[in-house]
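Chemist: what's the 3D shape of this:
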Amino acid sequence: AGYTGADGAACTACVAGTYKDAVGSASCANCPADTYSEHVGSTTSSKCNACPGGASSSAGSGAKTACKCNAGFTGSDGSQCTECLKGSYKTASGSAACTLCPVNTYLDAKGSTTNACQACGADSQSAEGSGNANACRCNAGYTGQLGVCTACTAGTYKTTVGPSACKKCNRNTYSTAVGATAESTCTACDANAATASDGSSQASACVCNAGY
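Modeler: Model (predicted):
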């Protein structure tokens, strides 16, 4: 056991990754897939050790480093593998790092084996490697959540990225612009006119004061 060769001839020890549990001329058997054995001359399959979590190997592997991280997992050959985090994926086995989803996309799943990054909604943006729809933040000039964004209406504006509400133009000003990104879009009424409230959306909201 542990050796192979023709009867009456010289016998050779089973190489690492194989074993032979009986006497005779039979060939050494491979350790099964997803295991390895670094022992030479093994006489039992119990010498075939399971690969670390998240890794796999081909049959007959003779070294722990033959255990390579599966797609969706990353880590050094022969080591415990870590599942790709949300916002990333890995399509092939090996020690390569997980690939981050590009900007303006997200992926709300761990251990992804495909590029399943989903685009943020129109008029929103996200950072590289974003892991859920909440990361899609409305652009300046738009408001909303989860990447569902609506343009600021006339008479309002929004200068920042995120879910905050659009701000109204001050009283005695107006703006006809939709999706405005700056307070400067709010135009002042004539010196002798005023609006009844803030957030005015047209010039006709500027009404002449008494006496004018």
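
Chemist: For the most centrally placed residue in the chain, report the pLDDT, please.
Modeler: With distances taken as C-alpha atoms, centre = their mean, residue 87 lies nearest the centre of the chain, 1.4 Å away. On pLDDT, residue 87 comes in at 98.

Chemist: And residue 147, by the same measure?
Modeler: The model reports residue 147 with a pLDDT of 81.

Chemist: Quick check: the gap between the closest residue to residue 183 other than its chain neighbours and residue 98.
Modeler: Among residues not flanking residue 183 along the chain, residue 157 sits closest, at 5.9 Å (C-beta to C-beta, 6 or more residues apart in numbering). For glycine as for every other residue, the C-beta is placed from the backbone atoms N, C-alpha and C. According to C-beta to C-beta, to the nearest Å, residue 157 stands 39 Å off from residue 98.

Chemist: Same question for residue 92.
Modeler: Computed with C-beta to C-beta, the distance linking residue 92 and residue 98 is 11 Å.

Chemist: Looking at the two, which one has more neighbours?
Modeler: When residue 92 and residue 98 are compared for neighbours, residue 98 comes out ahead with 23 against 11, by other C-beta atoms under 10 Å.

Chemist: Look at the more buried one and report its pLDDT.
Modeler: Among the per-residue scores, residue 98 shows a pLDDT of 98.

Chemist: Look up how far residue 116 lies from the residue nearest to the centre of the chain.
Modeler: With C-beta to C-beta as the criterion, residue 87 and residue 116 are 11 Å apart.

Chemist: So for those two, which residues contact both of them?
Modeler: Residues within reach of residue 87 and of residue 116 at once, by C-beta atoms under 8 Å, 6 or more residues apart in numbering, are residue 107.

Chemist: my guess is residue 116 contacts residue 109, does it?
Modeler: Yes. The pair residue 116 / residue 109 is scored as a contact, 6.9 Å apart, by C-beta atoms under 8 Å.
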